[in-house]
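A.B. asks: Take a look and give me a structure for this.
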Amino acid sequence: MQNIAIYHRRLYQITFGLLLILAFWGNLPIFILTIVFITTFLLLKTFTTLDANRQLKFILSSSYLIMMILQIVFNTTITFSTTSHTPFTLHLIAALLLPLPFLLAPILTRVNLKSFYLPSVDELETISFAAFQKNQAKIQQLLHNANHFKKVLRPTNLQPIFSDLHRHSATHYINNGTLNSDYFKRAAATLDDPYLYIAVSNTGSAASELIALFTQKQFNHTSLSFDPDLDTIISYNGGERVYPPGLNPEMVASFHKKPDASILIYRLPVTRAQKQTVLDTISKINETGSAYNILGLVTKHSLRRNIMFCSQFVYKMLQIADITYFEKQPGHVQPTDFIELDYHRQLEYVSEIKF
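C.D. replies: Predicted coordinates:
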């Protein structure tokens, strides 16, 4: 077992090294050849070695081809566009996306696809009405999920995400000073309010909907506020094309990206000193600089201290003020964890904003 663990660790190290080489020196033809090679290899493996029914083989092969098309489109239109200089971040993202097709088979084979096989005539005679209803519900859910995937992954949804990637940086601080002196005056005026406010939102933005495919959660953004009216609400975000990605002020109106968008507001009891600690830390980040941890959504790590994503930022502020109420690595915290992992009911529900 130890030898197998060492083998896997070495394999991961070699794979990551090859991806870094591609990120630094790979060009468009090399990336496309790599994508086509991976897809061809997985298709051959699916039809020659995988012990699975025809339905699963069809789903896998279709998924590989769709992923190949998406990766080629991403590389030709975004990573290696006609611009004279492409940020290294895009090259690194494109390289890290290459192994994704290898995850499809383990994920799909865990699903009990036998629930959807076509029974024989003899088996049809023994199927109960309850079993029929159960399978019907599963099929309807499967169709619903397929429609949702199709909606989220359509080009009109992915285009704004891809076109925004060049604004991000995984290695440098690109945002500083977006919180002005007026913001800190308003935040300081709330120090006598013995609460910090955590807002968990379901915005419906293209990025939020894409993240939801992986988290399988309705609420995929979280923010921090010093007041219940959210006049001081801030978080790590993309900046809405107004500010650079990183630590930014937020406007409640900008959360309204779909008809059923909503914000859940909770409050956490704190002392004045703890609230001051959070405010001082935010002031230092604002002065030093920040960037949105877009790579951390996949790797769960930050390359620099002030490069974070939204839930990572909120949890770090709670850590610094010594008011965390659940244990988790900051890079692994999801927005809904602030609610779902509140086992000792430290949070107090305040209100819900519906648009």
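A.B. asks: And the strands in this protein?
C.D. replies: Applying DSSP state E to the chain gives strands spanning 195-202, 221-225, 234-237, 246-249, 262-269, 291-292, 307-308, 348-354.
A.B. asks: what angle do the last one and strand 195-202 make?
C.D. replies: Which is strand 348-354. Interaxial angle, strand 348-354 versus strand 195-202 (axes from the mean of the first three to the mean of the last three Cα atoms, to 10 degrees): 40 degrees.
A.B. asks: in this structure, which helix or strand is least confident?
C.D. replies: helix 121-126 (a mean of 51; mean pLDDT, DSSP states H and E).
A.B. asks: Just the C-alphas of stretch 198-205, formatted as CSV.
C.D. replies: Taking C-alpha atoms only, stretch 198-205 is exported to CSV below (Å, rounded to 0.1, in the frame of the first residue of the first chain):
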residue,chain,number,x,y,z
ILE,A,198,-22.6,37.5,7.0
ALA,A,199,-24.6,37.7,3.8
VAL,A,200,-24.9,34.5,1.7
SER,A,201,-26.4,35.2,-1.7
ASN,A,202,-27.9,33.5,-4.7
THR,A,203,-27.2,36.1,-7.4
GLY,A,204,-27.7,34.2,-10.7
SER,A,205,-24.5,35.6,-12.3
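A.B. asks: circling back: turn the strands of the chain into CSV, including mean neighbour count and distance to Ile35.
C.D. replies: C-beta here means a position set from N, CA and C on the backbone, and glycine is covered the same way. Formatted as CSV, those follow (neighbours: other Cβ atoms under 10 Å; distance: least, Cβ to Cβ, whole Å):
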stretch, mean neighbour count, distance to Ile35
strand 195-202, 24, 34
strand 221-225, 24, 31
strand 234-237, 25, 30
strand 246-249, 23, 31
strand 262-269, 19, 39
strand 291-292, 28, 26
strand 307-308, 27, 28
strand 348-354, 12, 43
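A.B. asks: which one of the ones you listed lies closest to Pro101?
C.D. replies: Closest to Pro101 of the strands of the chain is strand 291-292 (Cβ to Cβ; 26.2 Å).
A.B. asks: Which residues does that closest one contact?
C.D. replies: Strand 291-292 is touched from outside by 168-170, 172-175, 236-238, 244-246, 304, 306-309, with contacts defined as Cβ atoms under 8 Å, 6 or more residues apart in numbering.
A.B. asks: from those, which ones fall inside helices?
C.D. replies: Secondary structure defined by DSSP state H assigns none of the contacts of strand 291-292 to helices.
A.B. asks: in stretch 88-98, what's buried?
C.D. replies: For stretch 88-98, the neighbour count (16 or more other Cβ atoms under 10 Å) marks Thr89, Leu90, His91, Leu92, Ile93, Ala94, Ala95, Leu96, Leu97, Leu98 as buried.
A.B. asks: Out of the residues you listed, the closest to Ile78 would be?
C.D. replies: The closest of these, once distances to Ile78 are taken by Cβ to Cβ, is Leu90, at 6.4 Å.
A.B. asks: Hmm, Leu165 and that closest one touching each other?
C.D. replies: Yes: with contact defined as Cβ atoms under 8 Å, Leu90 reaches Leu165; the gap is 5.7 Å.
A.B. asks: so what sits against both of these two?
C.D. replies: Residues within reach of Leu90 and of Leu165 at once, by Cβ under 8 Å, 6+ apart, are Ile78.
A.B. asks: residues contacting Leu19?
C.D. replies: If a contact means Cβ under 8 Å, 6+ apart, then Leu19 has Ala95, Leu96, Leu98, Pro99 as its contacts.
A.B. asks: Kindly recompute the last result at 7 Å.
C.D. replies: Contacts were defined as Cβ atoms under 7 Å, 6 or more residues apart in numbering; by that measure Leu19 touches Ala95, Leu96, Leu98.
A.B. asks: Could I get the strands of the chain in a markdown table, plus columns for mean pLDDT and distance to Gly17?
C.D. replies: Shown next, in a markdown table, are the strands of the chain (pLDDT from 0 to 100; distance: least, Cβ to Cβ, whole Å):
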| stretch | mean pLDDT | distance to Gly17 |
| --- | --- | --- |
| strand 195-202 | 96 | 38 |
| strand 221-225 | 97 | 34 |
| strand 234-237 | 96 | 30 |
| strand 246-249 | 97 | 29 |
| strand 262-269 | 97 | 43 |
| strand 291-292 | 96 | 25 |
| strand 307-308 | 96 | 22 |
| strand 348-354 | 96 | 47 |
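A.B. asks: Nice, that's everything, thank you.
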